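Student: Give the three-dimensional model of this entry:
(one chain, ligands or ions: 2)
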Amino acid sequence: MMSANAYETQDFIMNTNVEQRIISDYASEIYSAAVKELHRLENAMSFYREASEVSLLNRNVGGEPVKLSKEMMFVLEQAKHYSRLSENAFNIMLSPLIQLWRKAGEDNKVPSNDDVERTLTLCSDDNLLLDIDKDTAYLTKKGSMIDLGGIGKGYAADICCDIYKAMGAASAFINLGGNVKAIGNRADGSPWTIGIQHPDRPRGNCYCAIMCSDVSVVTSGGYERYQEIDGVKYHHILDGVTGYPSATDLKSVTVISHSSTQADALSTAAFVMGLVKGTDLIYESGCVGAIFFTASNEIYMTKRIRQYLKLLERFACYEV
Ligand code: ADP
Ligand code: MG
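Tutor: Numbers count the residues shown, from 1 in each chain. Ligands and ions are numbered 1, 2, ... in the order given. Prediction:
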């Protein structure tokens, strides 16, 4: 049970549900500061808002390099870093492909191989050039676009936790559309926990819980968001090599990291890469670790996970 002085709020920002719990004498001020910051980030990073830095960059494709804020440059650099680390399994350039598949859903018709191939040429990470010294970014190829849907929420969760700390909250929790991060412990001294959704069961049914005090926990899964085309389910995480929704051997991946930006990018990437390559990615990245829920309902976890894990039911769990 939450203690009386925990300030709990629910908002809809960045196109997703934002749940905050702040324990501090100044909780309402801290909450207001965080919300203000989330609106600012939404204005900067939204794919749909014309005035966002993302739109500015997307509009100038093939034109001049675009001067961006240091913050946007940082997020773009991070995105590129995780693209390299994941051999492009994580890719913020997939937007044309995302739109192709969205349209396919609306038309109830799977895109042709030709359409997929043609669209893929727009999605190469090489079509985005960054000049770190000048703080400029440049999209080289007409039709290319960036979309921060796979990393922006993680970055925003990091920023909110920075605010909680800077404003003196010793204890706070944010769930930004599935990107969870917490600082300190709950009012009663117990760690903050987040339940991990069982991929096959109705929403709210968790197969384990993770203690998330001072770390971020992010899950990517094919069960979360998908559309049906001609009676077949297509999920929303795409494979930039094939151009199709990732034919992964996983139902979900949960990543634990001190950085929610990292956890967000890695969970998407590891989901696309599958169990074996995804495991390598997690170890190479230096994050805390990951839990993999496979298509054959086996659960694997990397070596440092156990101390964060709270089992809710008995299940076999292998170390990788
Ligand atoms: P969610 O946003 O549902 O929590 P993710 O963090 O895994 O899930 O991000 C998925 C979103 O990122 C998609 O909705 C899409 O906008 C974008 N996306 C899809 N595939 C990729 C990919 N391979 N790399 C980066 N972003 C992707
Ligand atoms: Mg992600």
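
Student: low-scoring stretches of the stretch 1-150 of the chain, by residue?
Tutor: For the stretch 1-150 of the chain, applying pLDDT under 70 flags the ranges 1-5.

Student: need the residues of it near ligand 2, please.
Tutor: If contacts are counted using CB under 5 Å from the ion, the residues of the stretch 1-150 of the chain sitting beside ligand 2 are residue 150. Any C-beta I mention is one placed from the backbone N, CA and C, and that applies to glycine too.

Student: Do any residues in stretch 97-108 lie close to ligand 1?
Tutor: Yes - contact of stretch 97-108 with ligand 1 (CB under 6 Å from any ligand atom) involves residue 98.

Student: most centrally placed residue in the protein?
Tutor: The central residue of the chain, meaning the one whose C-alpha is nearest the mean C-alpha position (CA atoms, centre = their mean), is residue 264 at 3.1 Å.

Student: Break down the stretch 1-150 of the chain into its strands, ranges please.
Tutor: Taking DSSP state E, counting those that start in this stretch as the test, the strands found in the stretch 1-150 of the chain are 6-13, 16-23, 66-67, 128-131, 136-139.

Student: can those strands go into TSV with extra columns for mean neighbour count and distance to ligand 1?
Tutor: TSV is the format used below for those (neighbours: other CB atoms under 10 Å; distance: least, CB to the nearest ligand atom, whole Å):
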stretch	mean neighbour count	distance to ligand 1
strand 6-13	14	14
strand 16-23	19	8
strand 66-67	16	21
strand 128-131	16	13
strand 136-139	20	16
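
Student: other SSEs contacting whatever helix or strand residue 273 lives in?
Tutor: Taking DSSP states H and E as the criterion, the element that holds residue 273 is helix 260-285. Helix 260-285 is packed against helix 70-85, helix 152-166, strand 179-183, strand 216-221, strand 250-257, strand 289-294, with contacts defined by 3 or more CB pairs under 8 Å, 6 or more residues apart in numbering; DSSP states H and E.

Student: what's the third one packed up against?
Tutor: In this structure, strand 179-183 packs against helix 152-166, strand 171-176, strand 216-221, helix 260-285, with contacts taken as 3+ CB pairs under 8 Å, 6+ apart.

Student: Residues of the chain that sit close to ligand 1?
Tutor: Going by CB under 6 Å from any ligand atom, the residues of the chain near ligand 1 are 89-92, 94, 98, 147, 149-150, 177-178, 220, 224-225, 236-238, 240, 264, 267-268, 272.

Student: Show me how to select, in PyMOL, the buried members of the residues you listed.
Tutor: If you want just the buried ones from the residues of the chain next to ligand 1 in PyMOL, going by 16 or more other CB atoms under 10 Å, the selection is:
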select buried, resi 89+90+91+92+94+98+147+149+150+177+178+220+224+236+237+238+240+264+267+268+272
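
Student: isn't residue 180 right next to residue 174, touching?
Tutor: Yes - counting by CB atoms under 8 Å, residue 180 touches residue 174, with 7.0 Å between them.

Student: shared neighbours, these two?
Tutor: Each of residue 157 lies in contact with both residue 180 and residue 174 under the rule CB atoms under 8 Å, 6 or more residues apart in numbering.

Student: possible to save the helices and strands packed on helix 260-285 as TSV with distance to residue 33?
Tutor: What follows is the helices and strands packed on helix 260-285, written out as TSV (distance: least, CB to CB, whole Å):
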stretch	distance to residue 33
helix 70-85	16
helix 152-166	5
strand 179-183	15
strand 216-221	20
strand 250-257	24
strand 289-294	32
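
Student: Just give me the neighbour total for residue 293.
Tutor: Neighbour count of residue 293, defined by other CB atoms under 10 Å: 26.

Student: So it sits against residue 200, correct?
Tutor: No - with contact taken as CB under 8 Å, residue 293 and residue 200 are classed as non-touching, separated by 9.1 Å.

Student: Need the residues touching each of those two.
Tutor: With the criterion set as CB under 8 Å, 6+ apart, the overlap between the contacts of residue 293 and residue 200 is residue 251.
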